[in-house]
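Visitor: coords please:
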Amino acid sequence: MKTDSTEHENWFQRIWRAREEEIYPRLFGDVGKEIHTITPGLFKNLGIQSVDPRWLTHGILVSPPGKSRMSWLYVTSGLSNPWGVNPDVVAINEFSGLGFEFLIQTTASATWPIAVLNRLMAIQILIAAGQKEGQLLEPFDRVGLGESIDGGVSELKNLFVAPPEDIPSRIQTESGLVDMLVCVGISDAELQFARAQDGPGLLQLLKHHGHFPVTDPNRVSAV
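Guide: Numbering: from 1, shown residues only. Predicted coordinates:
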């Protein structure tokens, strides 16, 4: 039996609320009520003039330091939304939406993680929609930012994507599986190291120097 539009909307909204009001608070603690959503201008800067309204619902939630974590945490919400999926045929052992959400941890409160994650989300959305060439990101991928991560003079001009270690790397939702992916800033030299030694090798290097999972834009390169 086909789910009617009201039932489908209720199901979709229930999944959305569960992520932001139950799953994320359980994983990260307080994530507040405000979400920093992607703007139409960001898509236009990426060369897209016709923006799907659904894209503008994606955004970033912010979690301040708490009892179990000294860092600030910024996490995306929306990439795992099951757009266009009929709940009657959903497979909970398959990925929900794009199958992942990103997070960045920082040493201090800042606006740059919101800007970085929103741009990263926008690019992933466009790739999934077939409006931009490329592949969806996976663990141990690297992403060039084209500038310092904080928009200043930081040596960190790239992102490194890796599974988290202090939270589950994969979560189960009513609409399917979702991988949580940590993004950390890396220098050009560390990027070259990863190309030579592979992603897991870079991860070990970053952990050895205390540069994972928290990004400090003021740090010096480990290579």
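
Visitor: what about the residue lying closest to D30 once chain neighbours are set aside, neighbour count?
Guide: Counting by CB to CB, 6 or more residues apart in numbering, D30 lies nearest to S63, which is 5.9 Å off, once chain neighbours are set aside. In short, each C-beta sits where N, CA and C put it, glycine included. S63 has 21 neighbouring residues, counting by other CB atoms under 10 Å.

Visitor: for L61, same thing?
Guide: 24.

Visitor: wait, isn't it in contact with D30?
Guide: No - the pair L61 / D30 is not scored as a contact, 9.7 Å apart, by CB atoms under 8 Å.

Visitor: just checking, what packs against the helix or strand hosting K207?
Guide: Taking DSSP states H and E as the criterion, K207 maps to helix 199-208. The contact analysis (3 or more CB pairs under 8 Å, 6 or more residues apart in numbering; DSSP states H and E) places helix 199-208 against strand 156-162, strand 176-187, helix 188-197.

Visitor: Send me it as CSV with only the CA atoms.
Guide: These are the backbone C-alpha positions of helix 199-208, laid out as CSV (Å, rounded to 0.1, in the frame of the first residue of the first chain):
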residue,chain,number,x,y,z
GLY,A,199,45.1,8.2,4.4
PRO,A,200,45.5,5.8,7.4
GLY,A,201,49.1,6.8,7.6
LEU,A,202,48.2,10.4,7.8
LEU,A,203,45.6,9.7,10.5
GLN,A,204,48.3,8.0,12.6
LEU,A,205,50.6,11.0,12.2
LEU,A,206,47.9,13.5,13.2
LYS,A,207,47.0,11.4,16.2
HIS,A,208,50.6,11.1,17.2
